[in-house]
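>>> turn this into a structure:
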Amino acid sequence: MKVNDFIECGISITWTLLLICFDSNKLLRNSQYEQRFLSASEVIEYARSSLVSSDSMDICRIAILGESEEQEIASRLTSLSGSERCLYEHEFRKFRYMYLSKNMPNEDEEYIHGILRFSELWDKFGFPDDSPNMFYRFAEFSRKNYERLFTKHNEWLRNELIFLRNHHYGERHNLYECN
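Numbering: from 1, shown residues only. Below you'll find the model as predicted:
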């Protein structure tokens, strides 16, 4: 994933979102061996591009860090995130949307593998209540059910993107646009 993936989708970038993406392999279930969704170099580059509009010492510090200084990057992102007026859960939804859209099986995939991949993706998020995933017994695995599941996921992604573009959360309990 790249920061530009969010920008191209019309999803606003916050330091909290960057922190979530940078810590993604620690946040998702059974993902400790996955690569981070956002690399140290991408965070550093974003910080450098943000220097034009900010004089934050945390941003300056990230901009001069090396890629191997991951703990310091995480620490500075945590500080920047704490200073934002954004609701963590909303920023996590942005990450979840992008993660799912980038890792979703394709329509032509073998249906058994596709159904299992959908379940595996939602398992990483603990099968939240708003998940479009449907559980099928193995005997119910069929091309028709896979196509139904694929369609439901595409609808969910479209609706989630509309929501994320139109709702900006600030002050942990009130609706405001994030900084």
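
>>> the closest residue to residue 41 other than its chain neighbours: what secondary structure?
The shortest distance from residue 41 to any non-neighbouring residue, by C-beta to C-beta, 6 or more residues apart in numbering, is to residue 67 (5.1 Å). Where you see a C-beta, it was placed from the backbone N, CA and C, and this is true even at glycine. At residue 67, secondary structure determined by DSSP: H, G, I helix; E, B strand; the rest coil is coil.

>>> contact partners for residue 67?
If you count contacts by C-beta atoms under 8 Å, 6 or more residues apart in numbering, residue 67 has them with 39-41, 44.

>>> give me the buried entries from those.
For the contacts of residue 67, a burial check counting by 16 or more other C-beta atoms under 10 Å picks out 39-40, 44.

>>> how about JSON lines for these, with pLDDT and secondary structure added?
Below are the buried ones among the contacts of residue 67 laid out as JSON lines (pLDDT from 0 to 100; DSSP: H, G, I helix; E, B strand; the rest coil):
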{"residue": "39", "pLDDT": "92", "secondary structure": "coil"}
{"residue": "40", "pLDDT": "94", "secondary structure": "helix"}
{"residue": "44", "pLDDT": "95", "secondary structure": "helix"}
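
>>> from the chain's centre, how far out does stretch 80-91 sit?
14 Å (C-alpha atoms, centre = their mean, to the nearest Å).

>>> then stretch 91-105?
Worked out by C-alpha atoms, centre = their mean, stretch 91-105 lies 5 Å from the chain centre.

>>> for the protein, longest helix please?
In the chain, ranked by residue count with DSSP state H as the criterion, the top helix is helix 143-166.

>>> contact partners of it?
By C-beta under 8 Å, 6+ apart, helix 143-166 touches 9-11, 90, 93-94, 97, 100-101, 104-105, 107, 109, 111-112, 114-115, 118, 130-134, 136.

>>> residue nearest the centroid of the protein?
residue 95 (1.3 Å; C-alpha atoms, centre = their mean).

>>> tell me which element it is part of?
helix 88-103 (DSSP states H and E).

>>> distance of residue 149 from residue 125?
Look at residue 149 and residue 125: by C-beta to C-beta, to the nearest Å, they are 16 Å apart.

>>> what do you get for residue 166?
Relative to residue 125, and taking C-beta to C-beta, residue 166 is found at 22 Å.
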